[in-house]
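In: test case, fold it:
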Amino acid sequence: MFVYLTFYNLLLLVSLIFSVPFIWKRIKPDKEFPLGLKERLGIYDKEIIEELKKQKNIWIHTVSIGEFLSITPLLKRLQDEGKNNIVVTFSTKTGRRVAEKKLPGLKYLFFPVDFYPIMKNAIRKFNPELIVIVETELWPSLLYLATKQKIPVVLINGRISPFSYPKYKKFRFFARKVLPLFSVITMRSEEEAEKLIYLGAERNKVKVVGSMKFDLAYEIGKTVNPEKVRETLKVGKVRRIVVFGSLHTAEEESIIDIAEKLLKKFEDILTVIVPRYLDKTGVYNILKSKRMDYIRRSEMPSNKKYSIIVVDTYGELNNFYAISEFAFVGGSLHRWGGQNPIEPLAFKKPVLYGPYHWHFKEEWKKIKEGDGGIEVQDYQELYNEALRLLESPDECKKIGEKGYNVLLKNIGATERNLQSLGVRSCFLHYP
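Out: As a prediction, the model looks like this:
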């Protein structure tokens, strides 16, 4: 393992040197995170480190928004169990920004580069007795150092997409050295578990627990009040709302074309467009070129005339799902792999989804099998299905009810992951 680790670190160092000019904008210090770059190099605020050294801590790493949101029920449960010694690290600024607003009270930092000296220093400062990695993140230096120090490392909510699996197979020789270093691995499905075992994970350490994203959606459904959302936004109760959520830039123009056609056909609807990347979106230019009346969410409530709402704020997508008739979830009509299709189910809303959904393959399979969603192959089919649901409100409601039943049947992964972490019997003992 040491030979592989040495080669990995040399390759990582070379990659970092050459990639800095391309990623500098994302990692450079700014007013919001002045210590961001230092934290990525394992240099942390002295007061935080002094506090961490007073106790053993749970270190949880989650890359960005989606991964963090999926584990918020688990984080809350850990807090309920009296585990307030939690450090959560992120790779992205957006993920950390949302986390600090969504769940205050925890320590949030940037994930250190997995370069051996940097990671060794970070582990010493974090003083962890348990390290939790969310989804399929393999950090060889972290795993090797944790193993040497007898710190259990658990991979939770693991997944392997059909798109990434062939790439992992090419490096199976390396994965077979790294994967056995995990103490426990929890996977979403049997199929993905078998793939990980083939890549080198030890079968007795792998557990199938389902997806925590169903638990997250269920919790969200209990906290959002649709009537209050409408009142806050000053959206009339008689207006029917269609949501196009988490749109990638490649989807925006075609989706706006669909919105334009729907608005011409139905006078009582509002369409809501939610770009996935607010800093890259071309939505405003497209709407202006078509001379369509729109309003930004940040301008609401307003007396301005509009037929389209563009959500330019973070963390509000579920508010719009709650008041919609149905929702299309983006990232799925171009070859990216789909965004989360589960959340509309919490509000008994039908989900429309494209064919490119490998990031949520198992979740979407369950939704389709339960008739809680509709898969569309292209933009024309999306328009046809949207038209059908608007013209058949009873059918729309029926699909929404079935979707909610799918949600109820698939909750419980958070509890199963907690059991894998050994929360109720303190922590896992290193084997």
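
In: settle this for me: residue 153 is touching residue 142, isn't it.
Out: Yes. Contact criterion CB atoms under 8 Å: residue 153 and residue 142 qualify, at 7.2 Å. For every residue, glycine as well, the C-beta is placed using N, CA and C.

In: quick check: neighbours shared by those two?
Out: Taking CB atoms under 8 Å, 6 or more residues apart in numbering as the contact rule, residue 153 and residue 142 both touch residue 131.

In: quick check: the residue nearest to the spatial centre of the chain vs residue 90, distance?
Out: Residue closest to the mean C-alpha point of the chain, counted by CA atoms, centre = their mean, is residue 66 at 1.3 Å. Using CB to CB, to the nearest Å, residue 66 is found at 12 Å from residue 90.

In: tell me where the stretch 101-250 of the chain has strands.
Out: With strands called from DSSP state E, counting those that start in this stretch, the stretch 101-250 of the chain shows them at 107-110, 128-134, 153-158, 184-187, 206-208, 240-247.

In: now render the ones you listed as CSV, adding mean neighbour count.
Out: Below are the strands of the stretch 101-250 of the chain laid out as CSV (neighbours: other CB atoms under 10 Å):
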stretch, mean neighbour count
strand 107-110, 21
strand 128-134, 23
strand 153-158, 25
strand 184-187, 24
strand 206-208, 18
strand 240-247, 23
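
In: out of the ones you listed, which is closest to residue 15?
Out: Nearest to residue 15, of all the strands of the stretch 101-250 of the chain, is strand 107-110, at 18.1 Å by CB to CB.

In: strand partners (parallel or antiparallel) of that closest one?
Out: strand 86-90 (parallel) (DSSP bridges).

In: can you state the direction angle for the strand it pairs with and strand 128-134?
Out: In terms of direction (axes from the mean of the first three to the mean of the last three CA atoms, to 10 degrees), strand 86-90 departs from strand 128-134 by 40 degrees.

In: for the protein, longest helix please?
Out: helix 2-27 (DSSP state H).

In: of all the residues in it, which ones are buried?
Out: 5, 8, 9, 12, 27 (16 or more other CB atoms under 10 Å).

In: test my guess that the first one contacts residue 145.
Out: No. Here residue 5 does not reach residue 145: they are 9.6 Å apart, not a contact under CB under 8 Å.

In: pull up the overlap in contacts between the two.
Out: residue 116.

In: what sits against residue 99?
Out: 68, 88, 90, 106, 108.

In: quick one on the thing from earlier: on contacts alone, who are the packing partners of the helix or strand following the longest helix of the chain?
Out: Sequence-wise, the next helix or strand downstream of helix 2-27 (DSSP states H and E) is helix 36-40. With contacts taken as 3 or more CB pairs under 8 Å, 6 or more residues apart in numbering; DSSP states H and E, helix 36-40 sits against helix 2-27, strand 107-110.

In: how about those, which one is nearest residue 384?
Out: Here helix 2-27 is closest among these (CB to CB), at 39.6 Å.

In: helices or strands up against the closest one?
Out: helix 36-40, helix 140-148, helix 172-178.

In: do you know which of the ones you listed lies nearest residue 374?
Out: Closest among the helices and strands packed on helix 2-27, using CB to CB: helix 172-178, at 36.8 Å.

In: let's see the closest one as PDB, backbone CA atoms only.
Out: The C-alpha trace of helix 172-178 is given here as PDB (Å, rounded to 0.1, in the frame of the first residue of the first chain):
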ATOM      1  CA  ARG A 172      -9.400  -1.600  -9.700                       C
ATOM      2  CA  PHE A 173      -5.800  -2.500  -8.800                       C
ATOM      3  CA  PHE A 174      -5.700   0.700  -6.700                       C
ATOM      4  CA  ALA A 175      -9.200   0.400  -5.300                       C
ATOM      5  CA  ARG A 176      -8.400  -3.100  -4.000                       C
ATOM      6  CA  LYS A 177      -5.800  -1.500  -1.800                       C
ATOM      7  CA  VAL A 178      -7.900   1.500  -0.600                       C
END
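
In: list the buried ones in it?
Out: Those would be 174, 175, 177, 178, for helix 172-178 by 16+ other CB under 10 Å.

In: any idea how many residues pack against residue 165?
Out: 15 (other CB atoms under 10 Å).

In: please apply the same query to residue 335.
Out: With other CB under 10 Å as criterion, residue 335 counts 12.

In: that one: what secondary structure?
Out: Under DSSP: H, G, I helix; E, B strand; the rest coil, residue 335 falls in the coil class.

In: tabulate the helices and strands packed on helix 2-27 (TSV), appending mean pLDDT and distance to residue 398.
Out: Formatted as TSV, the helices and strands packed on helix 2-27 follow (pLDDT from 0 to 100; distance: least, CB to CB, whole Å):
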stretch	mean pLDDT	distance to residue 398
helix 36-40	92	49
helix 140-148	97	48
helix 172-178	93	45
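
In: among the ones you listed, which is nearest residue 339?
Out: Checking the helices and strands packed on helix 2-27 against residue 339 by CB to CB gives helix 36-40 as the closest, at 25.7 Å.

In: which other helices and strands does the next helix-or-strand element following that closest one contact?
Out: Later in the chain than helix 36-40, the nearest helix or strand by DSSP H and E is helix 46-53. With contacts taken as 3+ CB pairs under 8 Å, 6+ apart, helix 46-53 sits against strand 107-110, helix 116-126.
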